[in-house]
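> Here's my sequence, what's the structure:
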Amino acid sequence: MHTVLTRGNAILAYTLSVLAGLTFCCFLSTLFVDYRTEAHMNTVKVVVKNVPDYSASRDENDLGFLTFDLQTDLTHLFNWNVKQLFLYLTAEYQTPNNALNQVVLWDKIIQRGENAVLDFKNVNTKYYFWDDGEGLKGHKNVTLTLSWNVIPNAGLLPNIFAIGQHSFQFPNEYAKTRM
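Got it, this is the predicted structure:
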């Protein structure tokens, strides 16, 4: 006969194996779900200033200010395997110093059960739009892109890009007034 500890170990090992198998099946059930959706973005106000960056050096760098509109419906992205969505709005542009610049301007966490219909008007950026030099003044092609991470109960952590982007340009002159 086996001891109580041996039997308890066998039951625990079997239970954990079954739970791991069920978790893997749960992961497989939502593996091929398409989490993309349309997003509509627009810039309302775009300003660029040349100010000292005291965090790194005393050199003057470009600092962009913008307000934006954002409309999208993310309710259909939530299924039983989605705990929350981490949304973020990025600006992408090129400068002579860097082939690709990506700056996160805004983010938001939407948990299951919260309102996932976004209709924001005239929203300020949450983070500063710094450029390491003078690459924003008069820049003709800055692209806003909405992306999100799906935080699942079990499975992969995909990075999804919204269908739809918005391109804008910065003014050719620096703003002189306070924001």
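
> can we go C-alpha only for contacts and neighbour counts from here?
OK.

> mind checking how far the residue lying closest to Ile163 once chain neighbours are set aside is from Val103?
Nearest non-adjacent residue to Ile163, counting by Cα to Cα, 6 or more residues apart in numbering: Glu38, 4.5 Å away. For Glu38, the distance to Val103 (Cα to Cα, to the nearest Å) stands at 21 Å.

> was I right about the residue nearest to Ile163 contacting Thr72?
Yes - using Cα atoms under 8 Å, Glu38 makes contact with Thr72 at a distance of 6.4 Å.

> and the spatially most central residue of the chain, what element?
Of all residues in the chain, the one closest to the mean position by Cα atoms, centre = their mean is Tyr88, 2.4 Å from it. Assessed by DSSP states H and E, Tyr88 sits inside strand 82-93.

> What average pLDDT does that strand get?
Here strand 82-93 scores 96 as its mean pLDDT.

> partners of it, with directions?
Paired strands of strand 82-93, with direction, are strand 101-111 (antiparallel), strand 142-152 (antiparallel) (DSSP bridges).

> okay, that strand in CSV with CA atoms only?
C-alpha atoms of strand 82-93 as CSV (Å, rounded to 0.1, in the frame of the first residue of the first chain):
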residue,chain,number,x,y,z
VAL,A,82,-9.2,39.3,-22.0
LYS,A,83,-8.6,40.9,-18.6
GLN,A,84,-7.7,44.4,-19.8
LEU,A,85,-6.4,46.4,-22.7
PHE,A,86,-3.4,48.7,-22.5
LEU,A,87,-3.9,51.5,-25.1
TYR,A,88,-1.2,53.9,-26.2
LEU,A,89,-0.9,56.6,-28.8
THR,A,90,2.4,57.0,-30.5
ALA,A,91,3.9,59.6,-32.9
GLU,A,92,6.4,58.4,-35.5
TYR,A,93,8.6,60.6,-37.6
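
> Centre of the chain to it, how far?
Centre-to-centre, strand 82-93 and its host chain are 1 Å apart (Cα atoms, centre = their mean, to the nearest Å).

> now swap in stretch 144-152 and tell me
4 Å.

> low-scoring stretches of this structure, by residue?
1, 56, 178-179 (pLDDT under 70).

> can you do 50?
Counting by pLDDT under 50, the chain contains no low-confidence segment.

> can you give me the strands in it?
Taking DSSP state E as the criterion, the chain carries its strands at 39-52, 60-73, 82-93, 101-111, 117-124, 129-130, 142-152, 159-168.

> so which of those gets nearest Thr15?
Proximity to Thr15, assessed across those by Cα to Cα, is greatest for strand 142-152 (22.6 Å).

> Give me the angle between that closest one and strand 39-52.
Orientation check (axes from the mean of the first three to the mean of the last three Cα atoms, to 10 degrees): strand 142-152 against strand 39-52 gives 120 degrees.

> Good, we can wrap up now.
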